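J.: Sequence plus predicted model, see below.
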Amino acid sequence: MSTAAETQAGDGAGDVLRASSVSRSFAGVRALQDVTLEVRRHEVVGLIGPNGAGKSTLVNVLSGFDRPDDGAVELAGRDVTGWNASRRARAGLARTFQHSRAFPSLSVRENVEVAALGIGARPREAARRADALLELLGLEKLAAVTASALSHGDERRLGVARALATEPHFVLMDEPAAGLPEAELPEFAAVVRSVRDEHDAGVLLVDHNVALVMDVCDRIQVLDQGRTLAEGPPGEIRANLDVAAAYLGESAAE
Ligand code: ADP
Ligand code: MG
C-alpha cells in the first residue's frame, strides 16, 4: 500500500533528490556551508556561481563521490549519505564529469554500452539504449570512433549519453556545455529538455553559460563561497542584484 501511495504522489518523497544542510571543508577551505538543494523529477534545476563557489563539491556530495562533513543526502525518500557512488547509480542517480571519464580506447558506441552494462543491463538492452542515445545526442556517425579521438564537444555529448545509458531518475551535469561551439548550444538545450520531458528525469545543470542556464532551467540556485546566495525562477534570479554583483560582475571582469 505504501508503495502505491508513494507512486501516486507526483511530488512525493520518491520523486526528490535532496541535499539537506550539507557542509564540506577541505583543509580549512569551507567549500560548502549549510547548503540545501532539491531536484525533483521532471524539472531542470540550474546551479550557478563563480569559480570555487562549491558547485562541483555539491555534485560530488550528491552523487557519492564525496561525503559531507555535516548534513544528509536523500534519494527517492531514502537517506543515501552513507552509500557509495555505484550504489547510488543503481538507485537511479547519474552524473557527468567536468573532465571526460570515457574509456579512451573503446569506441563511442562501446562506451555507452559499457555504462548500461555497468548497472546491470543485459547486452541486448545495452545495445538498444546505445542506438537510441547515439541518435539523441547526434553521435551516430561517430559510433565506431575511439573515444580518445573525439573533439571536446563530442566528448561532452558522449558523457551525457553515458549518464543516460543508466536510465536515471536524476542526472547531474557538471559543466556539460563547456567546449561546445556556441552554434550547438540550442541543440544541447533541446537534449537537456528531452532528458526532463522524454526520459522523465530531474536534471541538475551546472554551467558557466548564463544564457543556456536561464533558457533551459525551471529553477536556479546560486552558490557563492559555499553558501546559497539566491534561488528561484530564472526571471527572478536575473533580476537579483546580489547575484549580478557576485556572478555576472565576475564574468564581466573575466
Ligand atoms: P566550483 O565547482 O564551483 O568551481 P569546487 O566545488 O570545485 O567549486 O571548489 C570549491 C572550493 O573547494 C574551492 O576553493 C576548491 O579549491 C576547494 N576544493 C574542492 N575540492 C577540493 C579538494 N579535493 N581538495 C582541496 N580543496 C578542494
Ligand atoms: Mg566545478
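T.: Ah, there it is. Just so it is clear, the model here is predicted, and its values are computed rather than measured. Ligands and ions are numbered 1, 2, ... in the order given.
J.: Ligand 1 contacts on the protein?
T.: Contact residues (CB under 6 Å from any ligand atom) of the chain with ligand 1: Phe26, Val29, Ala31, Gly49, Asn51, Gly52, Ala53, Gly54, Lys55, Ser56, Thr57. C-beta: built from backbone N, CA, C; applies to glycine.
J.: List only buried entries from those residues.
T.: Buried members of the residues of the chain next to ligand 1, counted by 16 or more other CB atoms under 10 Å: Ala31, Gly49, Ala53, Gly54, Lys55, Ser56, Thr57.
J.: Report the separation between the last one and Ala19.
T.: Using CB to CB, to the nearest Å, Thr57 is found at 11 Å from Ala19.
J.: hmm, back to that, can you tell me which of the buried ones among the residues of the chain next to ligand 1 are in strands?
T.: Of these, the ones assigned to strands by DSSP state E are Ala31.
J.: and His99, how many residues sit next to it?
T.: When neighbours are counted by other CB atoms under 10 Å, His99 registers 9.
J.: same thing with the one 10 residues further on?
T.: By other CB under 10 Å, 22 other residues sit near Arg109.
J.: The nearest residue to it once chain neighbours are set aside: what's it in contact with?
T.: Excluding the flanking residues, the one nearest Arg109 by CB to CB, 6 or more residues apart in numbering is Ala143, at 4.2 Å. Residues in contact with Ala143, defined by CB atoms under 8 Å, 6 or more residues apart in numbering, are Ser107, Val108, Arg109, Ala130, Leu134.
J.: which parts of the stretch 51-200 of the chain sit against ligand 2?
T.: Lys55, Ser56 (CB under 5 Å from the ion).
J.: can you pull the pLDDT of the closest residue to ligand 2 within the chain?
T.: Relative to ligand 2, the nearest point of the chain is Ser56 (3.2 Å; CB to the ion). As predicted, Ser56 sits at a pLDDT of 96.
J.: That one touches Asp174, doesn't it?
T.: Yes. The pair Ser56 / Asp174 is scored as a contact, 5.7 Å apart, by CB atoms under 8 Å.
J.: Need the overlap of contacts for those two.
T.: The overlap between the contact sets of Ser56 and Asp174 (CB under 8 Å, 6+ apart) consists of Gln98, Val206.
J.: Now Leu137: phi and psi?
T.: As for Leu137, its main-chain torsions (degrees, to the nearest 10) stand at phi -90, psi 0.
J.: Isn't it up against Gly159?
T.: No. With contacts counted by CB under 8 Å, Leu137 stays clear of Gly159, the gap being 9.6 Å.
J.: Next one: the residue nearest to Arg109 from Ala102, what distance?
T.: Distance of Ala143 to Ala102, given as CB to CB: 13 Å.
J.: And the helices in this protein?
T.: 2-8, 55-63, 85-90, 108-118, 123-136, 152-164, 185-197, 210-216, 234-239, 241-243, 249-253 (DSSP state H).
J.: and Arg156, what does it touch?
T.: By CB under 8 Å, 6+ apart, the contact set of Arg156 is Thr96, Pro176, Ala177, Ala178, Gly179, Leu180.
J.: For the residue nearest the centre of the chain, give me its contacts.
T.: In the chain, the C-alpha closest to the average C-alpha coordinate belongs to Leu172, at a distance of 1.4 Å (CA atoms, centre = their mean). For Leu172, the contact set (CB under 8 Å, 6+ apart) comprises Val59, Leu62, Ser63, Leu93, Ala94, Arg95, Thr96, Val203, Leu204, Val206.
J.: nearest residue to it other than its sequence neighbours?
T.: Excluding the flanking residues, the one nearest Leu172 by CB to CB, 6+ apart is Arg95, at 4.0 Å.
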